[in-house]
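# one predicted model, sequence on top.
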Amino acid sequence: MRAVVVTRPGGPEVLQVQDVPEPSPAPGELLVEVAAAGVNRADLLQREGRYPPPPGAPAWPGLEVSGVVVGCAAPAGAAPGSAPVDPAGVPWRVGDRVAALLAGGGYSERVTVAGTHALRVPEAVPLVDAGGLPEAVATVWSNLRAARLAPGETLLVHGGSGGVGSVAVQLGRALGARVVATAGGPDRCARVAGLGAHVVVDHRAGDVADRLRAATDGRGVDVVLDVLGGGALGANVAALAEGGRLVVIGLQQGRRGELDLSALMARRASVIGTTLRDRPAAQKDAILAEVAEHVWPMLTDGRLAPVVHARLPLADAAEAHRLLASGDVFGKVLLQP
């Protein structure tokens, strides 16, 4: 089969489509014909040699896909002919539409994935567009749960126009939070407001901290979902209300920052950091079971929808990486084999 291989650490030009062995599903896994693979910032880091895949994962990038089940391997110890099950315990069948969370290998024509790490794509959702959902939805849900976001609280989403941010705005609104988001430029701010944000602050216009304070009547926010990392640490702590929680899920502004502990203590606030890719399988099972129960129905009733900026052929993976790095993307970039 074809896959996009990182020929050496470097820029987008090191991505090349090559023939690789087709995967074979292990017990309890599905073989999926890929309709689309989501492009994430973690893929850019992997291409640069700064985020190697975990042991056992394919060497090529790709943390999420959508597609069709073309093969099933019976779970270990199960009777011959038994099928893997989804997070709700329902058996998978060949022909089922699926969106899957991967540890790697999504930039390819076929992937294998544990049945419990895959979700059924509702008929209302285009199969290709579903390829940009699993990573963002699982990331946002698990981190809002870690932050104990409650209805009526205020959620600050940095980068509301991004792949994760566009999901976080919609999900925060659906969970009953008051959503404040940042985005760059009037047009992008208007589109983020259209996703459900109550207030959108243009981070290109300056005075972000002042406008965040004004948006909360000086109180601050209860939860910050942050993709910026070290460079925004101080500003994020300053934005917190009493008892606020800062959840760091990305490092776009670096791994290190200076933390004023007195500011944190005065707010009786907390800082939480998480990753998703290298979690044990059992933790991913639990996250996706909650996503299937609490979030996935929102795709059917319209509270949540995929936001897609571009759909490119697999051979244009280098262009997809350039596009994502440009900062001009609104939502997700998808690769189609």
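Yes, it's here.
# quick check: the closest residue to Asp278 other than its chain neighbours vs Thr275, distance?
Using CB to CB, 6 or more residues apart in numbering and skipping residues adjacent in sequence, the residue nearest Asp278 is Pro54, 5.2 Å away. For glycine as for every other residue, the C-beta is placed from the backbone atoms N, C-alpha and C. Separation of Pro54 from Thr275 (CB to CB, to the nearest Å): 10 Å.
# can you pull the residues that touch both of those two?
Here Pro54 and Thr275 have no joint contacts, going by CB atoms under 8 Å, 6 or more residues apart in numbering.
# all the strands of the stretch 201-337 of the chain, residue numbers only.
Taking DSSP state E, counting those that start in this stretch as the criterion, the stretch 201-337 of the chain contains strands spanning 221-226, 240-248, 270-273, 308-313, 332-336.
# neighbouring contacts of the first one?
Put plainly, it is strand 221-226. With contact meaning CB under 8 Å, 6+ apart, strand 221-226 is reached by 140, 143-144, 147, 149-150, 153-158, 164-165, 168, 172, 177, 180, 212, 232, 236, 239-241, 243-250.
# at 7 Å what do you get?
Counting by CB atoms under 7 Å, 6 or more residues apart in numbering, strand 221-226 makes contact with 143, 147, 149, 153-158, 168, 180, 232, 236, 239-241, 244-250, all of which sit outside it.
# can you pull the contacts of Val199?
By CB under 7 Å, 6+ apart, the contact set of Val199 is 180, 215.
# list phi and psi for Pro134.
Here is the backbone geometry of Pro134 (degrees, to the nearest 10): phi -60, psi -50.
# surely it and Val98 touch.
No. Assessed by CB atoms under 7 Å, Pro134 is found out of contact with Val98, at 9.5 Å.
# overlap in contacts, the two.
Joint contacts of Pro134 and Val98 (CB under 7 Å, 6+ apart) are Leu119.
# quick one, grab the pLDDT at Arg267.
Here, the pLDDT recorded for Arg267 equals 89.
# run a quick neighbour tally on it.
For Arg267, the tally of surrounding residues (other CB atoms under 10 Å) stands at 18.
# what's the burial count for Val137?
Around Val137 there are 28 residues (other CB under 10 Å).
# quick one: contacts for Gln252?
So Gln252 contacts 227-229 (CB under 7 Å, 6+ apart).
# if we use 8 Å, what do you get?
Counted by CB under 8 Å, 6+ apart, Gln252 has contacts 41, 159, 227-229, 231.
# so which of those comes closest to Asp316?
If you rank the contacts of Gln252 by distance to Asp316 using CB to CB, Arg41 comes first, at 17.9 Å.
# wait, the closest one touches Ile249, no?
No. Counting by CB atoms under 8 Å, Ile249 is not a contact partner of Arg41; they are 10.6 Å apart.
# neighbour-wise, which of these two wins?
Using other CB under 10 Å, the more surrounded residue of Arg41 and Ile249 is Ile249, with 22 against 18.
# tell me how far that one lies from Pro306.
19 Å.
# which SS class is the residue nearest in space to the middle of the chain?
Central residue of the chain (CA atoms, centre = their mean): Ala136, 2.0 Å from the mean position. The three-state assignment at Ala136 reads helix, by DSSP: H, G, I helix; E, B strand; the rest coil.
# go on, the one 4 residues further on?
Remark: Val140 carries the secondary structure label helix [criterion: three-state DSSP].
# report the contact partners of it.
Counting by CB under 8 Å, 6+ apart, Val140 has contacts 164, 167-168, 171, 225.
# make CSV out of those residues and add distance to Pro61 and neighbour count.
As requested, these are arranged in CSV below (distance: CB to CB, whole Å; neighbours: other CB atoms under 10 Å):
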residue, distance to Pro61, neighbour count
Val164, 17, 24
Val167, 20, 29
Ala168, 23, 32
Leu171, 25, 26
Leu225, 24, 32
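# mind checking which of those are in helices?
Those of the contacts of Val140 mapping onto helices are 164, 167-168, 171, per DSSP state H.
# may I see those arranged in TSV, with pLDDT and distance to Leu314 as well?
Listed next are the ones in helices among the contacts of Val140 as TSV, based on pLDDT from 0 to 100; distance: CB to CB, whole Å:
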residue	pLDDT	distance to Leu314
Val164	96	23
Val167	98	24
Ala168	98	28
Leu171	98	29
